[in-house]
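1. Mind folding the following:
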Amino acid sequence: KQGRLGMIVPSGIYTDKGTTDLRELFLGACDWQWLFGFENREKVFDIDSRFKFCPLIVQKGGETQAIRAAFMHRNVDDWEQAERHVLAYPRARVEEFSPYSKAILEIRSEQDLRVLQKIYANGVLLGDQSERGWGIKYAREFDMTNDSKLFPPRPKWEEQGYQPDEYGHWLKGPWRDYDGPKHILDRERGMVLSRDGQQAMPVDEIEDVALPLYEGRMIGQFDFSEKGWVSGKGRSAVWRDIPFEGKVIEPQYLMARMIALENGMLSGWKSPVLNIGSATNSRTVVTSLIREFPCNHALNPITFESVDRVFLAPAIMNSFLFDYDVRQRLGGLNLSFFILDESVFPRPQSLPALESSVLALAACYDGAATVWLKNFEFLRAKQWRKNWAVSPHERLRQRVLADALVSYLYGVDWKDLKYVLRDSDRAVEQYREGHFDPK
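-> Got it, this is the predicted structure:
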């Protein structure tokens with residue numbers, strides 16, 4: 001009793017799900033006195049410069065009321081004058097911001113605390129499965145090593161005569177244009193019907209329909225096809241940037257549709273979230289909007305019980321405020337489900353203007369025609385393709401609109417948003433020199 005433990009440990013001690021029990025012990029049966037976080041940008045240790053670590057001091061017995069905490073320091077000399085840099089992190093804030101995992105957010109000022117409290121007061125945890133939640137569904141669909149037999153390389157499919165249609169399917173044979181000019185896909189009945197009514201075929205029997213396997217580098221913020229595969233494998237593979245003026249899906253691998261469905265692919269529209277992220281990247285959360293296509297392990301596909309909510313999710317997750325929330329709790333380099341679970345979305349509600357921006361930014365290709373048709377109210381003024389945000393000017397305009405609307409939903413005013421965006425327009429060299437936090 002009253003003994004003290006002092007140790008230098010990785011930042012996972014205060015962020016990771018696997019250390020939840022240890023945090024509960026430190027908070028409930030000890031006095032957690034110090035938590036002083038460092039980023040390895042100055043190469044204190046000969047490891048990845050993005051890696052974070054912290055000295056912690058815990059006294060056995062009693063319980064924690066508040067932790068003296070500091071985060072994202074780079075100079076180890078700061079530890080010698082720790083009292084000048086710390087902020088009291090009350091135990092009540094741990095339970096407010098991380099009720100499931102008891103993770104500690106990297107809050108660095110009283111203003112950070114005020115903004116986060118406002119966001120959480122006007123929102124709901126993404127993992128909340130009650131009636132007031134978003135009804136989120138996660139998946140980890142296909143592993144590049146263990147499931148490789150399910151998705152041969154694209155050249156092998158091309159050798160067999162497979163070619164892409166305008167919707168992203170790869171087809172051959174008489175059903176080459178199914179769900180197109182000659183055929184209709186009846187999802188409710190599970191049939192493909194010819195438009196003249198002369199032919200019908202169960203979807204389960206279609207063996208010559210392949211789908212692109214999505215990899216992490218194919219996704220950008222509001223970009224369903226940021227890069228296309230050209231040649232090569234692994235780290236030596238060559239990829240090209242695909243402009244918005246001519247979006248196509250160019251995968252490295254393809255998978256038979258029925259095999260994808262049988263092996264765990266989420267059906268319908270979804271938001272794939274890049275699961276490799278860092279609180280020191282320019283943006284921590286990267287997602288877009290894709291159709292019923294399989295994803296590899298570098299992406300966390302997300303769907304919702306209410307189908308329409310998937311068309312709002314990219315605007316929220318790609319917003320500066322959601323990114324600000326997530327980067328406070330991300331200590332490592334993996335954006336795991338448990339981190340998203342305790343991040344906060346605004347309370348669910350319908351907002352057609354926000355959905356319009358998402359479609360303009362992330363559904364600007366022929367494959368999204370059915371979604372545009374469903375949302376016909378956006379098309380009354382002009383031809384549907386003219387709603388696409390393909391120029392840099394229009395994409396910036398729509399992104400600003402989306403961020404403003406999301407900020408409104410979070411209940412954050414201009415003063416708070418200005419604080420979140422502080423120092424975000426500096427030269428890259430200034431971030432490298434450590435004068436400002438990267439965002």
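2. residues near the residue lying closest to R140 once chain neighbours are set aside, how many?
-> What sits nearest to R140 in space, not counting adjacent residues and going by Cβ to Cβ, 6 or more residues apart in numbering, is H297, at 6.2 Å. No exception for glycine: its C-beta is placed from N, CA and C like everyone else's. If you count neighbours by other Cβ atoms under 10 Å, H297 ends up with 16.
3. List the contacts of H297.
-> Residues near H297 by Cβ atoms under 8 Å, 6 or more residues apart in numbering: R140, E141, F142, D143, M144, N275.
4. Please report the distance of it from G264.
-> Using Cβ to Cβ, to the nearest Å, H297 is found at 12 Å from G264.
5. Return every residue with contacts to both of these two.
-> The contact lists of H297 and G264 share E141, F142, where a contact means Cβ under 8 Å, 6+ apart.
6. Poorly predicted segments of the stretch 151-300 of the chain, please.
-> Applying pLDDT under 70 to the stretch 151-300 of the chain flags the ranges 173-208, 277-280.
7. how about the helices in it?
-> Assigned by DSSP state H, counting those that start in this stretch, the stretch 151-300 of the chain shows helices spanning 154-159, 257-262.
8. And these: which comes nearest R395?
-> Among those, the nearest to R395 by Cβ to Cβ is helix 154-159 (28.5 Å).
9. From the chain's centroid, how far away is that closest one?
-> Offset of helix 154-159 from its chain centre (Cα atoms, centre = their mean, to the nearest Å): 31 Å.
10. That one: which residues count as buried?
-> When burial is assessed from 16 or more other Cβ atoms under 10 Å, helix 154-159 yields the following buried residues: R154, W157.
11. Now that helix - C-alpha only, PDB.
-> The C-alpha trace of helix 154-159 is given here as PDB (Å, rounded to 0.1, in the frame of the first residue of the first chain):
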ATOM      1  CA  ARG A 154      -7.500  -9.100 -62.700                       C
ATOM      2  CA  PRO A 155      -5.400 -10.200 -65.700                       C
ATOM      3  CA  LYS A 156      -6.600 -13.800 -65.100                       C
ATOM      4  CA  TRP A 157     -10.200 -12.600 -65.400                       C
ATOM      5  CA  GLU A 158      -9.400 -10.600 -68.500                       C
ATOM      6  CA  GLU A 159      -7.900 -13.700 -70.100                       C
END
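12. outside of it, which residues touch it?
-> W170, A210, W229, P251, Q252, Y253, L254.
13. Buried members of those into ChimeraX, please.
-> To isolate the buried members of the contacts of helix 154-159 in ChimeraX, using 16+ other Cβ under 10 Å:
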select :170,210,229,251,252,253,254
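14. Now, the contacts of helix 154-159 that are in strands?
-> Counting by DSSP state E, the part of these found in strands is W170, A210, W229, L254.
15. For these, name the two members farthest from one another.
-> Maximum pairwise distance among the ones in strands among the contacts of helix 154-159 (Cβ to Cβ): 14.7 Å, between A210 and W229.
16. Counting by contacts, list what the helix ranked longest in the chain packs against.
-> Longest helix in the chain, counting residues (DSSP state H): helix 392-410. Using 3 or more Cβ pairs under 8 Å, 6 or more residues apart in numbering; DSSP states H and E as the contact test, the elements touching helix 392-410 are helix 313-317, helix 320-329, strand 344-346, helix 352-362.
17. give the contact list for F311.
-> With Cβ under 8 Å, 6+ apart, F311 has these contacts: W269, L289, E355, V358, L359, V371.
18. Provide a list of residues in contact with the residue nearest the centre of the chain.
-> Nearest residue to the geometric centre of the chain (Cα atoms, centre = their mean): V273, 3.2 Å. By Cβ under 8 Å, 6+ apart, the contact set of V273 is V285, V286, T287, L299, N300, P301, I302, M317, L335, L340.
19. Kindly report the same for T370.
-> Contact analysis of T370 by Cβ under 8 Å, 6+ apart lists nothing.
20. Please state the backbone phi and psi of Y89?
-> With angles defined as degrees, to the nearest 10, Y89 sits at phi -110, psi 100.
21. what's the distance between it and D425?
-> Distance of Y89 to D425, computed by Cβ to Cβ: 29 Å.
22. Those two: which is more packed in?
-> Set side by side, Y89 and D425 show more neighbours around Y89, with 23 against 6, by other Cβ under 10 Å.
23. Please work out how many residues are found near the closest residue to N318 other than its chain neighbours.
-> Take N318 and drop its neighbours on the chain: the residue closest to it by Cβ to Cβ, 6+ apart is Q221, 4.7 Å away. When counting by other Cβ under 10 Å, one arrives at 19 neighbours for Q221.
24. do the one 3 residues further on as well
-> Applying the criterion other Cβ under 10 Å, we find 26 residues in the vicinity of F224.
25. One more: Q328?
-> When neighbours are counted by other Cβ under 10 Å, Q328 comes out with 23.
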